[in-house]
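Chemist: Sequence and predicted structure below; questions after.
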Amino acid sequence: MRFLTADYLYPLNISPIKEGVLQLSDAGEVVKIFENINDVSNEKLEIFEGILCPGFVNAHCHLELSHLLGVAEIGEGFLDFITAIQQRNEYSNEEILEAIENAEKEMIHNGIVAVGDICNTTDTLFQKQKANLMYYNFIETFGVHENKVDAVFIKAIELRNEFRAADQKASIVPHAPYSVPPVLLNKINNAFDEKDELLTIHMQETKAENQLFENKKGDLFNWLNGMNATSSIWENRNKSTDILKELEDKRMLLVHNTFAKTKSISDNYYCTCPKANLYIEKTLPDYSIFDADKLCVGTDSLASNNSLSILEELNIIQENSNFDLNTLLKIACKNGANALGFEQLGTFEKGKIPGVNLIGNLDGVKVTAESFIQVI
Ligand SMILES: [Zn+2]
């Protein structure tokens, strides 16, 4: 048994507790929370300076793109970013696998215990089978040409089967409203089965995406036309979120929402990736429009971020919102665990095995650039 205490415990299912004590089994299972430090004998206590919270859930990542660290130039915009990441084939298998292993190590070091991970390949499967972290694998489909949709979908089914055969959660998902025509969405709907808990989609990441659907013009419209994309992508969708109607009320995690407006916010889960938004588009979402119980946080990939650190993401959200530390930590732990269906994670409720993070060097109850994280 371990008895951990710090300036504050943030159990997240209940209010923060000043000098509370967290009792854990040797397997890391939460046994009990003591509200009073005097209820535990001193010699058993492990005392930390800072706060203790559950392990972080990185709700949006592309682990398979980890070798692209630094390839896309900062602030050049989304279409430049897409072009940059298409260079992935110039790397050897060895380089790709090594980058994946190192990126996972970085996430573990930074207190992450579970990941919602976008997959276009099986490159990450070898690493994931080591079960160092828990993953929900979202098999991404992208098919702007209707005549290629069948091939895209057959490949997605094969990938999903490979991940599921390795005991991984895996669901086929649409990449974004502008890259998936109705005919491909139909296939995703039809393939949805009892193992699918959640779908995810990149949503309203750029201003050009809103323009495409609302005005049928702009950079994304021109880009799609330039590659002879099927017009069924935008013809019957008058805003990005219209695609959600075609997904027949499935549980959704909408990622980015950088250009979302109050009226487009629904009952779905939302994921913000602030550092990636700043990296690519130099813009952040309006955090006042989200339900804080439905907001999650992700790092996105090392192709659009210089680190895989939820604490750094929280620092940016804090600077640009009114969320207090308890709310920020719910966004980082509990909400992501709920969205991805990792019931044993996210809070210090009895019986869970959530992992424990120490956050030190806070300014009162504020995260700063100097705050650090340590896995306890
Ligand atoms: Zn992404």
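Modeler: That came in fine, so what should we check first? Numbering: from 1, shown residues only.

Chemist: tell me the SS of Phe153?
Modeler: Following DSSP: H, G, I helix; E, B strand; the rest coil, the label given to Phe153 is helix.

Chemist: do the same with Lys195
Modeler: Applying three-state DSSP: Lys195 is coil.

Chemist: what's the domain layout of this protein?
Modeler: For the chain, automatic domain parsing gives the domain ranges 2-52+363-375, 56-345.

Chemist: and the first one, average pLDDT?
Modeler: The one in question is domain 2-52+363-375. The average pLDDT within domain 2-52+363-375 is 95.

Chemist: Make sure Ile139 is indeed in a helix.
Modeler: No - looking at Ile139 with three-state DSSP, it is strand, so not inside a helix.

Chemist: can you pull the buried residues of stretch 272-291?
Modeler: For stretch 272-291, the neighbour count (16 or more other CB atoms under 10 Å) marks 272-281, 284-285, 287, 290 as buried. C-beta here means a position set from N, CA and C on the backbone, and glycine is covered the same way.

Chemist: which stretches of the stretch 51-200 of the chain form strands?
Modeler: Secondary structure of the stretch 51-200 of the chain (DSSP state E, counting those that start in this stretch): strands located at 51-54, 56-61, 112-119, 134-141, 169-174, 199-203.

Chemist: Over to the stretch 251-376 of the chain?
Modeler: According to DSSP E, counting those that start in this stretch, the strands that the stretch 251-376 of the chain contains are 252-256, 269-272, 295-297, 356-360, 372-375.

Chemist: measure Asn210 to Met227 for me?
Modeler: 20 Å (CB to CB, to the nearest Å).

Chemist: So for those two, which sits in the more crowded spot?
Modeler: When neighbours are counted by other CB atoms under 10 Å, Asn210 and Met227 differ, and Asn210 comes out ahead with 19 against 8.

Chemist: what about the more buried one, is that helix, strand or coil?
Modeler: Asn210 is classified as helix under three-state DSSP.

Chemist: How about it, nearest residue that isn't a chain neighbour?
Modeler: Distance criterion CB to CB, 6 or more residues apart in numbering; nearest residue to Asn210, sequence neighbours excluded, is Phe259 at 5.5 Å.

Chemist: Neighbours of that neighbour, how many?
Modeler: Applying other CB under 10 Å, we find 21 residues neighbouring Phe259.

Chemist: in terms of contact, does it touch Ala208 like I think?
Modeler: No - counting by CB atoms under 8 Å, Ala208 is not a contact partner of Phe259; they are 9.1 Å apart.

Chemist: where along the stretch 1-150 of the chain do the helices fall?
Modeler: Ranges of helices in the stretch 1-150 of the chain, per DSSP state H, counting those that start in this stretch, are 78-85, 93-109, 125-128, 149-165.

Chemist: helices or strands next to the last one in the packing?
Modeler: Counting by 3 or more CB pairs under 8 Å, 6 or more residues apart in numbering; DSSP states H and E, the packing neighbours recorded for helix 149-165 are strand 134-141, strand 169-174, helix 182-191.

Chemist: could you redo the last one with a cut-off of 10 Å?
Modeler: strand 112-119, helix 125-128, strand 134-141, strand 169-174, helix 182-191 (3 or more CB pairs under 10 Å, 6 or more residues apart in numbering; DSSP states H and E).

Chemist: Give me the angle between it and strand 112-119.
Modeler: 150 degrees (axes from the mean of the first three to the mean of the last three CA atoms, to 10 degrees).

Chemist: For Glu214, find the nearest of the strands of the stretch 251-376 of the chain.
Modeler: Comparison of the strands of the stretch 251-376 of the chain against Glu214 by CB to CB identifies strand 252-256 as nearest, at 17.2 Å.

Chemist: In its sheet, which strands sit next to that closest one, and in what direction?
Modeler: strand 199-203 (parallel), strand 269-272 (parallel) (DSSP bridges).

Chemist: Export those strands to JSON lines and append columns for mean pLDDT and distance to Leu63.
Modeler: Output for those, formatted as JSON lines (pLDDT from 0 to 100; distance: least, CB to CB, whole Å):
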{"stretch": "strand 199-203", "mean pLDDT": "96", "distance to Leu63": "14"}
{"stretch": "strand 269-272", "mean pLDDT": "98", "distance to Leu63": "16"}
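
Chemist: from the ones you listed, which stretch is densest packed?
Modeler: Most buried of those by mean neighbour count (mean count of other CB atoms under 10 Å) is strand 269-272; its value is a mean of 27.

Chemist: Quick check, Ile316 in contact with Pro274.
Modeler: Yes - contact criterion CB atoms under 10 Å: Ile316 and Pro274 qualify, at 4.2 Å.
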